[in-house]
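Let's see this in three dimensions:
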Amino acid sequence: MKKARIALAAVFLTGITLLFLDTTGTLRLWLGWMAKVQFLPAVLALNVAVIAALCVITLLLGRVYCSVICPLGILQDVISFFSGLRKGKKHRFHFRKEIAWLRYGVLALYILAIILGIQIFVALLAPYSAYGRMISSILHPSLATGIIAGVTLLAIIILAWTGGRTYCNTVCPVGTTLSFLSRFAMFRPVIDAEKCKDCHLCEKSCKASCIDIANHKIDYSRCVDCFDCLGECRFDALHYRFAWGKKKDEAPAEGVSRRAFVATSAILAGTATLHAQKKLDGGLAPVIDKENPSRETPLTPFGASRNFYDKCTACQLCITKCPNGVLRPSTDITRLMQPEMGYENGWCRPECVRCSEVCPTGAIEKITPEEKTSIHIGTAKVDRSLCVVETKGVHCGNCARHCPTGAITMVASDPDDPDSLKIPAVNEELCIGCGACEFLCPSRPVSAITVDGLHIHRKD
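Numbers count the residues shown, from 1 in each chain. Below is the predicted model of the structure:
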């Protein structure tokens, strides 16, 4: 069973890592489902089938989700494994009582953060999102996200190296939520007190620190079903078997009641609804890089739902899949690490809908290229003082030529002189906010025509 668990965990860890590292967007066709079966994305996406399946699996087999499906959980196992290779460190664990106030306190704060829309707290603790940021930071480094991802990784390494699954059983809100079900799992490791010789090998090999040999009990709310303990028992006293109705084998009494589980489930169900290289012009003159302008309203992706910021877990999978460099993590404290758009490196092409195809929570709803052209995410505005027609006295019209919706026309800069140089005028009814005009505007460092976002996207 341990070998099967390791094999499945390796498949999930490899698949999710490749999903984030893939820049072509092709792997999502085969691996995209791995993101959708993660617990929090499924809850926020109201994916009832996935949520039900994970709950049933936990009720049947225990917290195998944490040891097989969750990438951050698997990463902790990898770190703990290498820590155990040190001389004399293989059997380094011991039973520790549950820190109930911390586990359920963090879960309560987490649920409250979802309700109040404090997404920075949600994004920091969500295990799938935390792992995603670590991987995406490799391809798309960002100062704020990089620091947060680095600190998270360092904390995970320290906790897993010294204490195994400490993070899972003291901080992780997903692990705590599943623990309500795992304590009643149909199949679980069971200690035969009559055969047990109190050698403590199983306890010392338990990285969840949930085996209490002194009392011959296991805290099933913290057991992640890694099966490391099964291979350590030399007296045939520990087995993974059917355990319903075995009162003597239940976890210590400190656990929370069934009523607490029901209440938490109801709350969770309710809240779910709520580098740039220096370029040369002609090989001689340096081209000044564009700057992302200050926008009154940030730009959110095409297909963003009305409760985009409440559903987004800041996993940044959409950012890693953006082929045009448009999506990047926000540095605004109110939406830190959640994706926002900028057009200094590219523009959002009408035929590209990759971000909507990979979002596991429904924060970005799936759309087709045809539907995308009817969605308005922002409106272009012209600053005549920056336009090269005004500053250089030359013809341009670059924005009008490349506007895919024909929203920009060139009009005389002097209404009384039809032969005067022409400047852009924007038809707000036609502009969808794709950013082609902003990206291709020759004005530097800030474009003369920029796109300001809409709080609520408009559809034709």
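
hey, where'd the helices end up in the stretch 351-460 of the chain?
All helices of the stretch 351-460 of the chain, identified by DSSP state H, counting those that start in this stretch, fall at 354-358, 369-372, 388-391, 398-402, 436-440.

Ok, which of the ones you listed comes nearest Phe93?
helix 354-358 (37.8 Å; Cβ to Cβ). To be clear about C-beta, it is placed using only N, CA and C from the backbone, and glycine gets the same treatment.

Would you pull up how far that closest one lies from the middle of the chain?
13 Å (Cα atoms, centre = their mean, to the nearest Å).

just checking, what packs against it?
When contacts are defined as 3 or more Cβ pairs under 8 Å, 6 or more residues apart in numbering; DSSP states H and E, helix 354-358 packs onto helix 28-36, helix 317-321.

Mean neighbour count, mean pLDDT and distance to Asn292 for the helices of the stretch 351-460 of the chain - can I get that in TSV?
Converted to TSV, those look like this (neighbours: other Cβ atoms under 10 Å; pLDDT from 0 to 100; distance: least, Cβ to Cβ, whole Å):
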stretch	mean neighbour count	mean pLDDT	distance to Asn292
helix 354-358	23	94	18
helix 369-372	14	95	22
helix 388-391	16	92	20
helix 398-402	19	94	17
helix 436-440	24	95	10
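
Quick check: which of the helices and strands packed on helix 354-358 is buried the most?
helix 317-321 (a mean of 25; mean count of other Cβ atoms under 10 Å).

next structured bit after that one?
Next along the chain after helix 317-321, taking DSSP states H and E as the criterion, comes strand 327-329.

Report the contact partners of Ile79.
Contact analysis of Ile79 by Cβ atoms under 8 Å, 6 or more residues apart in numbering lists Ile156, Ile157, Ala160, Trp161.

The first one: what's it in contact with?
Counting by Cβ under 8 Å, 6+ apart, Ile156 makes contact with Leu72, Leu75, Gln76, Ile79, Ala130, Tyr167.

that older thread, farthest-separated two in the contacts of Ile79?
Distance extremes for the contacts of Ile79: the farthest pair is Ile156 and Trp161 at 9.1 Å, using Cβ to Cβ.

still on that earlier bit, of all the contacts of Ile79, which comes closest to Val388?
Ile156 (50.3 Å).

any idea which element the closest one lies in?
Going by DSSP H and E, Ile156 is part of helix 143-163.

What residues sit buried inside stretch 70-86?
Neighbour-count burial for stretch 70-86, counted by 16 or more other Cβ atoms under 10 Å, picks out Cys70, Pro71, Leu72, Gly73, Ile74, Leu75, Gln76, Asp77, Ile79, Ser80, Ser83, Gly84.

hang on, I meant stretch 187-196
Within stretch 187-196, the residues that count as buried by 16+ other Cβ under 10 Å are Phe187, Arg188, Pro189, Val190, Ile191, Cys196.

The nearest residue to Gly397 once chain neighbours are set aside: how many residues sit nearby?
Excluding the flanking residues, the one nearest Gly397 by Cβ to Cβ, 6 or more residues apart in numbering is Met410, at 5.1 Å. Look at Met410: counted by other Cβ atoms under 10 Å, it has 17 neighbours.

Please apply the same query to Asp414.
Neighbour count for Asp414, taken as other Cβ under 10 Å: 12.

The one 3 residues further on too?
The number of residues packed near Asp417 is 9, by other Cβ under 10 Å.

separation between it and Glu429?
Separation of Asp417 from Glu429 (Cβ to Cβ, to the nearest Å): 28 Å.

the inter-axis angle of the host helix or strand of Phe81 versus helix 28-36?
Assigned by DSSP H and E, Phe81 belongs to helix 71-84. Orientation of helix 71-84 against helix 28-36 (axes from the mean of the first three to the mean of the last three Cα atoms, to 10 degrees) gives an angle of 80 degrees.

Contact partners for the nearest residue to Cys441 once chain neighbours are set aside?
When the adjacent residues along the chain are set aside, Cys441 lies closest to Ser447, with 3.9 Å between them (Cβ to Cβ, 6+ apart). If you count contacts by Cβ under 8 Å, 6+ apart, Ser447 has them with Lys290, Pro293, Tyr343, Leu386, Cys437, Glu438, Phe439, Cys441.

Looking at those residues, spot the one nearest Ser305.
Tyr343 (22.2 Å).

And the residue nearest to that closest one when sequence neighbours are not counted, what's its pLDDT?
Spatial nearest neighbour of Tyr343, excluding adjacent residues (Cβ to Cβ, 6+ apart): Gly435 at 3.5 Å. Confidence at Gly435, expressed as pLDDT, is 95.

you'd agree Gly435 is up against Asn345?
No - if you go by Cβ atoms under 8 Å, Gly435 and Asn345 don't touch, sitting 10.2 Å apart.

Could you tell me which residues touch both of these two?
Counting by Cβ under 8 Å, 6+ apart, the residues touching both Gly435 and Asn345 are Val326.

These two: which has the busier surroundings?
Counted by other Cβ under 10 Å, Gly435 and Asn345 do not tie: Gly435 has more neighbours, with 26 against 16.

For the spatially closest residue to Pro127 that is not a sequence neighbour, which residues are in contact?
Nearest non-adjacent residue to Pro127, counting by Cβ to Cβ, 6+ apart: Leu72, 3.8 Å away. Neighbouring residues of Leu72 by Cβ under 8 Å, 6+ apart: Pro127, Tyr128, Ala130, Tyr131, Ile156, Tyr167, Cys172.

Isn't the first one up against Thr176?
No - Pro127 is not in contact with Thr176 according to Cβ under 8 Å; the separation is 11.3 Å.
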